[in-house]
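Novice: Sequence first, predicted coordinates after that:
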Amino acid sequence: MLNVKLITIGTLKESYLREAAEEYKKRLGAYCKFTEVNLSEVKLSDKPSAKEIEAALEAEAKLILANMSPRAYKIALCVEGKQLSSEQLAKKFEEIGQMHSEVVLVIGSSFGLAPAVKSACDLRLSVSALTFPHQLMRVILLEATYRAMTIIKGTPYHK
């Protein structure tokens, strides 16, 4: 059984997002060993400068990198990443499972991920060309991961 670890920056503030995330995490338990690491977001001023943002991303990168297993297959969510269909993501997870026991999914803060995190990852993934609220992306990724797992197992969730 594949171990799936989700590393995120920040917490889900809205109860409806927390409930949705919890539902998908519960469902994932039937298909993989799922763990989640929520790391603190670096606080920024109301109108942060580029230097402030860069420093925050670097501080967050240290936390993220410290929580990544060196042997895991690592996927960073990035706007410039590759877009995959649900079937392609399922196939990717199957391929990963043949060579690795763990996949790590990383969602950065609302400002993204530091270059060091992106470089440490094996794949940069974009869920969509659309822009979504940062907190909603966690739910979307959990659902996409759950859907991929149901495709692999051939259950009727994916139509």
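Specialist: Happy to help now that I have it.
Novice: and the strand of greatest length in the chain, what does it pack onto?
Specialist: Counting by DSSP state E, the longest strand found in the chain is strand 73-82. Applying 3 or more C-beta pairs under 8 Å, 6 or more residues apart in numbering; DSSP states H and E, one finds that strand 73-82 makes contact with strand 102-107, helix 115-120, strand 123-125. C-beta here means a position set from N, CA and C on the backbone, and glycine is covered the same way.
Novice: longest helix of the chain?
Specialist: Longest helix in the chain, counting residues (DSSP state H): helix 134-153.
Novice: May I see the buried residues of it?
Specialist: Residues 134-135, 137-152 are the ones in helix 134-153 that count as buried (16 or more other C-beta atoms under 10 Å).
Novice: again, but for stretch 6-21
Specialist: Judged by neighbour count (16+ other C-beta under 10 Å), stretch 6-21 contains these buried residues: 6, 7, 8, 9, 10, 12, 17, 20, 21.
Novice: Save those residues as JSON lines, and put in secondary structure and distance to residue 91 too.
Specialist: Shown next, in JSON lines, are the buried residues of stretch 6-21 (DSSP: H, G, I helix; E, B strand; the rest coil; distance: C-beta to C-beta, whole Å):
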{"residue": "6", "secondary structure": "strand", "distance to residue 91": "20"}
{"residue": "7", "secondary structure": "strand", "distance to residue 91": "23"}
{"residue": "8", "secondary structure": "strand", "distance to residue 91": "25"}
{"residue": "9", "secondary structure": "strand", "distance to residue 91": "28"}
{"residue": "10", "secondary structure": "coil", "distance to residue 91": "30"}
{"residue": "12", "secondary structure": "coil", "distance to residue 91": "29"}
{"residue": "17", "secondary structure": "helix", "distance to residue 91": "28"}
{"residue": "20", "secondary structure": "helix", "distance to residue 91": "26"}
{"residue": "21", "secondary structure": "helix", "distance to residue 91": "25"}
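Novice: nearest to residue 42, of those?
Specialist: Of all these, residue 42 sits closest to residue 9, with 8.3 Å by C-beta to C-beta.
Novice: can you pull up the bridge partners for that closest one?
Specialist: Beta-bridge partners recorded for residue 9 (DSSP bridges): residue 39.
Novice: need the contact list for it.
Specialist: Counting by C-beta atoms under 8 Å, 6 or more residues apart in numbering, residue 9 makes contact with 38, 39, 40, 41, 60, 63, 64, 107, 108, 109.
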